[in-house]
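In: When you get a sec, could you give me coordinates for this:
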Amino acid sequence: MRELAILTFTSLDGVMQAPRLPEGDPAGGFRGGWAAPYWEEVMPHVAKHAMASPYDLLLGRRTYDLFFAHQGSDPSSPMSAATKFVVTSSPNTLRWANSVALTGDVESEVTRLKNQDGPLLQVHGSWKLIQALLAHDLVDEFRIWTFPVLVGSGKRLFSAERLPPRLRLRATEAVGVSGVVMQIYRRH
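Out: Take a look at the predicted model:
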């Protein structure tokens, strides 16, 4: 049995859409990049607290393509070494090493993965996938970095119809002097 953790960046008002790149997720005319000024300080903290232990990735197709474009050519990247389970309707177009297509029902596929032996499954980005995981109560842990910015509109991690069960704070820590705060919550 293995667990599933969401690793995400949110604004203070809960938006998770396109934190680093302005063109990261243009849905709804959104222009991202709101976390970019903090990136250099935050990423070593993320690597230390969320990516140091072995993990596999569970990604939506859009996030997979975005990550592949920025890290796929670097075989020394921890993401390159991880197995990447990708929810996709185009399984024959996965080009990154260690990629496995998931083409069936999300709830069934993820339940099957969680019932296998293996390292932690981490979901990065992948808003639509996260909403499906929340709807089927498949998330064991939330690893959230909250940035001191207000974005206004955009895709939010939590919505009224997709609230997780009661959570217990496992860890919290300020990241340097930037005002970014890490919070790790477990299901209660």
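In: so who does the residue nearest in space to the middle of the chain touch?
Out: By Cα atoms, centre = their mean, the mean C-alpha position of the chain lies nearest to residue 124, the distance being 1.7 Å. By Cβ atoms under 8 Å, 6 or more residues apart in numbering, residue 124 lies in contact with 7-8, 57, 59, 63, 67. C-beta coordinates here come from the backbone N, C-alpha and C atoms, glycine included.
In: Those into TSV, with extra columns for secondary structure and distance to residue 117?
Out: Shown next, in TSV, are those (DSSP: H, G, I helix; E, B strand; the rest coil; distance: Cβ to Cβ, whole Å):
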residue	secondary structure	distance to residue 117
7	strand	21
8	strand	26
57	strand	17
59	strand	21
63	helix	25
67	helix	25
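In: Buried only: go through these for me.
Out: 7-8, 57, 59, 63, 67 (16 or more other Cβ atoms under 10 Å).
In: Let me see the ranges of the helices in the protein.
Out: Using DSSP state H, the helices of the chain run over 39-50, 61-71, 78-81, 106-114, 127-135.
In: Need the residues that contact the third one.
Out: With contact meaning Cβ under 8 Å, 6+ apart, helix 78-81 is reached by 47, 51, 57, 67, 71-72, 74-75, 96-98.
In: Tell me which two in these are the farthest apart.
Out: Spatial extent of the contacts of helix 78-81 (Cβ to Cβ) is set by the pair 47 and 97 at 20.2 Å.
In: tally of neighbours for the residue lying closest to residue 141 once chain neighbours are set aside?
Out: Nearest residue to residue 141, sequence neighbours excluded (Cβ to Cβ, 6 or more residues apart in numbering): residue 5, at 4.0 Å. Each residue near residue 5 was counted by other Cβ atoms under 10 Å, and the total is 21.
In: what residues are up against residue 5?
Out: Counting by Cβ under 8 Å, 6+ apart, residue 5 touches 50, 120-123, 139-143.
In: Over to residue 64?
Out: Residue 64 makes contacts with 84, 86, 88, 94, 96, 99, as judged by Cβ under 8 Å, 6+ apart.
In: and it, how far is that from residue 172?
Out: 30 Å (Cβ to Cβ, to the nearest Å).
In: so where's this protein uncertain?
Out: 162, 164 (pLDDT under 70).
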